[in-house]
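Visitor: I need the structure of the sequence given here:
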Amino acid sequence: MLGFTDGPGQWAFDRGALAGQPGLIGVVISASSNPPHPLSGDALASAVHLQLARSMPGLPAARWSKVITEKFATFACTPGLVRPATRTRAAGVFLAGDHVASDYPATLEGAVRSGQNAARCVADYLGEYLTERPADRCRQC
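Guide: Sure thing, here's the model as predicted:
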């Protein structure tokens with residue numbers, strides 16, 4: 001995962017590691033402007049490739065690209081917003097999703113990691129419930 005402060009993209013993810021396709025990179029452009037980013041289609045893909053190339057010298061030309069626009073993809077993460085933890089005050093109730101506190105931004109990847117963490121928390125909870133041992137494996141519970 002790479003985070004950017006310049007250019008159209010804010011986050012880049014190595015999607016090839018998940019999909020078994022070396023070189024497959026997913027880039028998130030989130031709330032870059034209002035209205036949506038002035039570039040579109042091929043122009044936006046080219047701008048993102050240039051941005052990636054600045055951070056990854058020797059990056060080959062893209063063989064293909066796909067721009068997906070989702071106007072409601074992320075929640076409004078405003079300054080001072082406290083994201084909820086995975087573990088709640090209610091016994092056996094856990095939260096998961098891109099809005100839950102984690103080390104990732106509010107993206108699909110963040111939601112997946114949150115779901116994995118919630119599953120670990122549930123497993124720990126069930127282990128604690130069944131064996132009365134402290135939960136020690138889940139993160140950010």
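
Visitor: switch to C-alpha atoms for all contacts and neighbour counts from now on
Guide: OK.

Visitor: ranges for the strands of the chain?
Guide: 2-3, 11-14, 25-28 (DSSP state E).

Visitor: adding mean neighbour count, distance to D42 and mean pLDDT, write those out as a markdown table.
Guide: Converted to a markdown table, those look like this (neighbours: other C-alpha atoms under 10 Å; distance: least, C-alpha to C-alpha, whole Å; pLDDT from 0 to 100):
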| stretch | mean neighbour count | distance to D42 | mean pLDDT |
| --- | --- | --- | --- |
| strand 2-3 | 12 | 22 | 88 |
| strand 11-14 | 17 | 18 | 89 |
| strand 25-28 | 18 | 14 | 90 |
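
Visitor: tabulate those strands in JSON lines, adding columns for distance to E70.
Guide: Formatted as JSON lines, the strands of the chain follow (distance: least, C-alpha to C-alpha, whole Å):
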{"stretch": "strand 2-3", "distance to E70": "20"}
{"stretch": "strand 11-14", "distance to E70": "16"}
{"stretch": "strand 25-28", "distance to E70": "11"}
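
Visitor: nearest to L52, of these?
Guide: Taking C-alpha to C-alpha, strand 11-14 is the member of the strands of the chain nearest to L52, at 8.2 Å.

Visitor: give me the neighbour count for A62.
Guide: When neighbours are defined as other C-alpha atoms under 10 Å, A62 has 12 of them.

Visitor: residues touching it, list them.
Guide: Applying C-alpha atoms under 8 Å, 6 or more residues apart in numbering, we find A62 in contact with H49.

Visitor: got any ranges where the protein has weak pLDDT?
Guide: 31-37, 73-75, 128-141 (pLDDT under 70).

Visitor: can we see that at 90?
Guide: 1-11, 14-23, 28-41, 68-83, 98-99, 102-110, 127-141 (pLDDT under 90).

Visitor: just the helices in it please.
Guide: For the chain, applying DSSP state H gives helices covering 16-19, 41-55, 108-131.

Visitor: for the longest one, buried residues please.
Guide: Residues of helix 108-131 classed as buried by neighbour count (16 or more other C-alpha atoms under 10 Å): 109-111, 113-122, 124-125.

Visitor: nearest to L24 among the residues you listed?
Guide: Among the buried residues of helix 108-131, E109 lies closest to L24 (C-alpha to C-alpha), at 14.5 Å.
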